[in-house]
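> Below: sequence and its predicted model.
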Amino acid sequence: MTQIQKIVLHEIRQDKNLKSAELGESELLDLSLLGRGAALDSIGLVNLIFAIEERIRNELGVLIEIASERAMSQTKSPFRTVRTLIDFVSQLVDEAKKVSSAKS
Amino acid sequence: MMQRVIITGSSRGIGRHLAEVYIARGARVAGCSRSEVASFHPNYRHYVADVCDIRSIKQMFSAIEQEWDGLDVLINNAGIAAMNHAMLTPPDVIERIFRTNVFSIFSFCREATKLMRRGRFGRIVNFSTVAVPFNLEGESAYAASKAAVESLTRTLARELAPFGITVNAVGPTPVETDLISNVPRDKLEALINRQAIKRMGTVEDISNVVTFFTDPSSHFVTGQIIYLGGVS
């Protein structure tokens, strides 16, 4: 499991509204975050995004902006499921690392 | 506990006055402006940051977070004005006014909320102007930008309430600052004559309202715009 997966899954489990305690890892990855039947409201999503950004910065030393124009303009939202969110965050971290190594 | 306060545009005028008021009340203050300013007190820290540049804003918040580990108050004071007939106001001037007066508030509120939500407490104060209710001729771009600030204030008040954050705005009358230094005297007098209380505002009038909004006991006051001078 990558560090990013660990961070996202940990923050998902912190959110009591998501009732993720009884879910196994694969069920958790497929958990719907937004849309019909999703447990997160907009405040929950904001809290989740802030918490993930904060931990990515503290633990990986990378600054990312999850709620970017790109995220909001994608036809398929990266916030659909936990899995798509992890993929999106991993992509952002990779890109941020490339930009920072190109600068140095 | 010492309040942790950020004030934008704190190098002079109203922003500088507010920084001094909060320092005198025992707060720690982080101010910012585009120019370097010598610290006037051990509890005051100045950052050189352009409020229109998201990267410099983020750097400032990152430094503040490391030092303070949270935030209680954000005062979005920085602003610019351009007095001219709408037909004589070029698009790039309009854009610059909106970048400074409106878009920067989005960025500051967003970064501030990240810090304030940790303590489930926050006070945000924005700046409007009496030019909004007066629909002043010659201030179309400035007044439109401040009308946007008022709308943003009311909406953010609702969106940030679940985080324990209140969002309000003060609408000053003309005050002797650089912002109005180019406004002709007769225009200022005509404006003052439309107020219930016919005098120029002072920086103390403004800090009186701002400190009311940011007081911890003002937790049930949000989404409000208070105009000075009896303007409504």
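Yep, it's here.
> got a list of contacts for the helix or strand of chain B with the lowest mean pLDDT?
Lowest on mean pLDDT, DSSP states H and E among the helices and strands of chain B sits helix B:185-192, with a mean of 88. The contact list for helix B:185-192 (CB atoms under 8 Å, 6 or more residues apart in numbering or on different chains) reads B:130, B:134, B:136, B:138, B:173-174, B:180, B:198-200, B:229. In this view, the C-beta of every residue, glycine as well, is placed from N, C-alpha and C.
> if we go to 10 Å?
Applying CB atoms under 10 Å, 6 or more residues apart in numbering or on different chains, the contact partners of helix B:185-192 are B:83, B:130-131, B:134, B:136-139, B:173-174, B:176, B:180, B:183-184, B:198-201, B:229, B:231.
> Which ChimeraX command selects the buried ones in the residues you listed?
Here is the ChimeraX command that selects only those of the contacts of helix B:185-192 that count as buried (16 or more other CB atoms under 10 Å in any protein chain shown):
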select /B:83,130,131,134,136,138,139,173,174,200,201,229,231
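> Return only those of the contacts of helix B:185-192 found close to chain A.
Contacts with chain A are made by none of the contacts of helix B:185-192, judged by CB under 10 Å from any CB of the partner chain.
> how about B:N84, what does it touch?
B:N84 makes contact with B:90, B:93, B:138-142 under the criterion CB under 10 Å, 6+ apart.
> I'd assumed A:M72 was in a helix, is it?
Yes - checked against DSSP: H, G, I helix; E, B strand; the rest coil, A:M72 lies within a helix.
> My read is that it contacts A:P78, right?
Yes - with contact defined as CB atoms under 10 Å, A:M72 counts as touching A:P78 (9.3 Å).
> Could I get the full set of helices for the chain?
Just so you know, I chose chain A. A:3-14, A:25-29, A:42-60, A:69-73, A:82-103 (DSSP state H).
> Sorry, I should have been clearer: chain B.
Under DSSP H, chain B gives helices at B:13-24, B:54-68, B:91-98, B:104-119, B:131-134, B:140-160, B:185-192, B:203-214.
> for the shortest one, what is the average pLDDT?
Read that as helix B:131-134. Helix B:131-134 carries an average pLDDT of 95.
> thinking again about what came up before, of all the helices of chain A, which one is nearest chain B?
helix A:42-60 (4.9 Å; CB to the nearest CB).
> Between helix B:140-160 and that closest one, find me the angle.
Using axes from the mean of the first three to the mean of the last three CA atoms, to 10 degrees, the direction of helix A:42-60 lies 90 degrees away from that of helix B:140-160.
> Can you tell me how far the nearest residue to B:G26 once chain neighbours are set aside is from chain A?
Nearest residue to B:G26 in three dimensions, chain neighbours excluded: B:M2, at 5.8 Å (CB to CB, 6 or more residues apart in numbering or on different chains). Using CB to the nearest CB, to the nearest Å, B:M2 is found at 23 Å from chain A.
> B:M2: what's it in contact with?
B:22, B:25-29, B:43, B:68, B:72.
> Next, find the distance separating the residue nearest the centre of chain B from B:V210.
For chain B, B:N77 is the residue whose C-alpha lies nearest the centre (CA atoms, centre = their mean; 2.4 Å). Going from B:N77 to B:V210 by CB to CB, to the nearest Å gives 9 Å.
> Understood, closing this out.
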